[in-house]
Structure formats: structure tokens, C-alpha cells
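> Quick one: sequence plus predicted model below, questions after.
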Amino acid sequence: MAQQQSDYNFKYFNVTFPREYVAQVEINRPEKLNAFLEEMWHNMGQIFNRISHDPNVRCVVLTSAGDRAFTAGLDVQAVSQRENIVPGAEGGEDAARSANLIRRHIFSFQSCITAIEKCESPVIAVLHGIAYGLALDISLACDIRICTSNTRFSVKEVDIGLAADIGTLTRLPKSGLPSSFTKDVALSAREFFPPEALRVGLVSDVFDTTKQEALGKALEKAALIASKSPVAVLGTKEVLNYSRDHSVEDGLNYVAVWNAAYLQTRDVNDALLAGLKKKKPTFAKL
């Protein structure tokens, strides 16, 4: 276990393994409300790309250090101190070349968040306190979202003069939430709170408890998922995400092709036999 943790040594993140086959990724900059510096974005992408292929991880819990914030989003103060706030917009090139540099910059940041969605292991986000801007980008890329009753949500980007470009405006409409709600919170940047987030389905659970108790519930859920066949969990996440973005016919065809390969596994027999014998099945690593 010590060797496994040493593989995830990052300045602003704590990666631990509190349960069998469960990783806990903790954003760790509480003195700045876990606001993100550029280094943190790239670290997050690296962590989830590595976890995705780690045979010792079958489910991930994503949380943050401290009691005040999951993340306040981008560290606006740090960005404002740079000579050029928007890379590529220095004016040294013509407009098309500047735009291409900015586009590449945006793509690089998008990929860091998309790494969470593409992670082969399901990811459970535990939100608490301030959850602004980037907090929505990150949590919408997760598979399951839960929060504490003190969470304060906001799609904050219009308040800093831009349309959110890292994932919120793309993933919110794909999340099955009411269009009016999505446009309301995105256009106004207003705060909204756990009862509304639960009502529209942004989160699946609200815990009127401390962050630690909510984290404990998330770890229980993660351990349950990690106890299932990793082949089945991988396929279920893959097909659900594919079907979200395609027609029913496309989804049915995709799962048929997927299972043509992935049904050729010992896990099906192991699961059935364990059920008949009323024993807990044990599955090989991916």
C-alpha cells in the first residue's frame, strides 16, 4: 500500500487507499479554499489518467481538504497577477493565430477534467461548503455526486466575464436536468443550495451531517461498487456514458458489440456461483 501511495505524489493532492480497491483523491489547498492554480489542473488529469489503469483501484472518491470549500474554482487572484491573463491574447500575432493559441490552451484544461469522466473506475464526488465554477466542471465529470447540507453551488463564470468553457455548459444539459434550471443558474451565476440540487437531480444524496460523515457514506458506496465485477462495472460506466450521447438504437448496438467481447469473462460464472452458494464472490484484477 505504501508503494501504491508513493506512485501518487502531488503537491496539491492527497491520494490514499482507505478501502480495498478504493482510492480517495483529496484536493489539498484549504488555505485558499481549494482554488485551482494551473499546476493543479494538470495534476488532476495526471492522477485520474493513472488511476484509470491502476489494477488496484475499482472506485474513486473525490473530496477536498478543510471544512470551508470543495473548491472556490479558479484562483482569480493568482491569474490576475499574470502579465497576460488570457494566454495567446498578447496581441503579437494576428487574430486567427491568437485564437488558435487560446483554443489549444482551453483544450488542454478541458482534457484535465475529461480525464475524470474517462476514468475506467467510477468516481464519487463529495461536495461541501463553497462549490463554485470549476467545482461544477469537476463534479459533472464524476459519475455520482453527493453533498453536505452546507454546500453552496454556483456556475460562477459570467461573473468573471466569460462563458464557462471547461465542461459545465456542455455537461449540465446532458445531465437530465431541466433546461430552465440549467439556463437560470448559468446565466445568473446565482447561488443555489442542496434542496434545489437534490430536487433537480444534480446530486443523488444530501447529508445533514459533517463532511467526514458524508465522506464515510461515500466510502461505503465506493466499497460496494468495488466489490462488484470490475469487468461489469467498467462496461456499465462505458455504456451509460455512450448511451447518454447517442440514440437508443446506437446504444443498443454498442452494448451488443461491447458484450460480444466482455461476456467472455470468468466473472459471470463466478458471480452466479457465488449467488447460488450465498458467498461473496472474488474477482480477478483488470
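Received, thanks.

> Can you report how many residues lie near the closest residue to residue 22 other than its chain neighbours?
Closest residue to residue 22 apart from its sequence neighbours, by Cβ to Cβ, 6 or more residues apart in numbering: residue 222 at 4.6 Å. Every residue, glycine included, has its C-beta placed from N, CA and C. Residue 222 sits with 26 neighbouring residues when counted by other Cβ atoms under 10 Å.

> which SSE is residue 222 in?
Taking DSSP states H and E as the definition, residue 222 sits inside helix 211-226.

> And the strands in the protein?
13-19, 22-27, 59-64, 69-71, 123-127, 130-132, 144-148, 152-154, 205-207 (DSSP state E).

> so which of the ones you listed comes closest to residue 234?
The minimum distance between residue 234 and the strands of the chain falls on strand 59-64, with 11.2 Å, by Cβ to Cβ.

> pLDDT weak spots in the protein?
1-3, 80-93 (pLDDT under 70).

> for it, what spans make up the helices?
Listed in chain order, the helices found in the chain under DSSP state H are 2-6, 38-52, 76-80, 95-118, 134-140, 168-171, 179-188, 194-200, 211-226, 230-244, 248-262, 266-277.

> Which strands or helices does the helix holding residue 222 pack on?
Applying 3 or more Cβ pairs under 8 Å, 6 or more residues apart in numbering; DSSP states H and E, we find helix 211-226 packed against strand 13-19, strand 22-27, strand 59-64, strand 123-127, strand 144-148, strand 205-207.

> so which of those strands gets nearest residue 280?
Closest to residue 280 of those is strand 13-19 (Cβ to Cβ; 14.6 Å).

> Pull out the buried positions in the closest one.
In terms of neighbour count (16 or more other Cβ atoms under 10 Å), strand 13-19 has its buried residues at 13-15, 17, 19.

> same deal with stretch 147-164?
Neighbour-count burial for stretch 147-164 flags 147-148, 150-157, 164 (criterion: 16+ other Cβ under 10 Å).

> on that earlier part again, tell me which of the strands of the chain lies nearest to residue 283.
strand 59-64 (13.1 Å).

> what angle do the closest one and helix 211-226 make?
On the basis of axes from the mean of the first three to the mean of the last three Cα atoms, to 10 degrees, strand 59-64 is oriented at 160 degrees to helix 211-226.

> circling back to that earlier point, I'd like the strands of the chain as TSV, with distance to residue 138 appended.
Shown next, in TSV, are the strands of the chain (distance: least, Cβ to Cβ, whole Å):
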stretch	distance to residue 138
strand 13-19	12
strand 22-27	9
strand 59-64	7
strand 69-71	7
strand 123-127	7
strand 130-132	9
strand 144-148	10
strand 152-154	12
strand 205-207	18
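
> For residue 261, find the nearest of those.
strand 59-64 (22.6 Å).

> which helices and strands sit right next to that closest one?
On a contact count with 3+ Cβ pairs under 8 Å, 6+ apart, strand 59-64 meets strand 22-27, strand 69-71, strand 123-127, helix 211-226.

> let's see it at 6 Å
strand 22-27, strand 123-127, helix 211-226 (3 or more Cβ pairs under 6 Å, 6 or more residues apart in numbering; DSSP states H and E).

> Tell me which of these sits nearest to residue 184.
strand 123-127 (19.4 Å).

> now what about the closest one, what contacts it?
The contact list for strand 123-127, computed with Cβ atoms under 6 Å, 6 or more residues apart in numbering, reads 60-63, 70, 116, 139, 142-147, 151, 214-215, 218, 222.
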